[in-house]
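J.: would you be able to build a 3D model of this:
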Amino acid sequence: MLKPLADRVLIEPAPAEEKTASGIIIPDTAKEKPLQGKVVAVGPGKKDEPMTVKAGDSVLYGQYSGTEIKLDGKTYLIMRESDVYGII
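T.: Residues are numbered from 1 along each chain as shown. Below is the predicted model:
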């Protein structure tokens with residue numbers, strides 16, 4: 001597993017919605033990127049800024065936040081803690 005450095009967090013995005021509330025199936029090309037996920041790993045923080053989030057937290061983040069990476073066949077996002085809006 002990847003160990004983030006400094007103030008970075010590794011997030012497993014929540015799965016995209018497969019259907020609308022009325023039951024219409026959404027094709028892959030029209031699915032919106034999820035804006036929430038689960039923190040998998042966190043860095044140690046910066047010298048004067050300890051980390052607020054911890055592994056296991058469910059968080060909200062910006063639509064264009066982070067960099068997508070693939071590890072062991074799964075897709076994750078790595079981003080700075082400042083890109084995380086809040087803990088759910």
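J.: got any ranges where the protein has weak pLDDT?
T.: 16-21, 26-34 (pLDDT under 70).
J.: any idea which residue sits dead centre in it?
T.: Residue closest to the mean C-alpha point of the chain, counted by C-alpha atoms, centre = their mean, is I11 at 3.4 Å.
J.: host element of that residue?
T.: I11 is part of strand 8-13, with elements assigned from DSSP states H and E.
J.: give me the residues contacting that strand.
T.: 2, 4, 33-34, 36-43, 51, 53, 59, 61, 66, 74-81, 84 (C-beta atoms under 8 Å, 6 or more residues apart in numbering). Any C-beta I mention is one placed from the backbone N, CA and C, and that applies to glycine too.
J.: do you know how far the residue lying farthest from the centre of the chain is from A14?
T.: When distances are taken from the C-alpha mean of the chain, S22 lies farthest, 27.0 Å away, according to C-alpha atoms, centre = their mean. With distances taken as C-beta to C-beta, to the nearest Å, S22 is found 21 Å from A14.
J.: again with I78
T.: The span separating I78 from A14 equals 16 Å under the rule C-beta to C-beta.
J.: between those two, tell me which one has more neighbours.
T.: Set side by side, I78 and A14 show unequal neighbour counts under other C-beta atoms under 10 Å, the larger going to I78 at 21 against 12.
J.: give the buried residues for the strand or helix carrying the more buried one.
T.: With elements taken from DSSP H and E, the one containing I78 is strand 74-80. When burial is assessed from 16 or more other C-beta atoms under 10 Å, strand 74-80 yields the following buried residues: Y76, L77, I78, M79.
J.: thanks a lot, catch you later.
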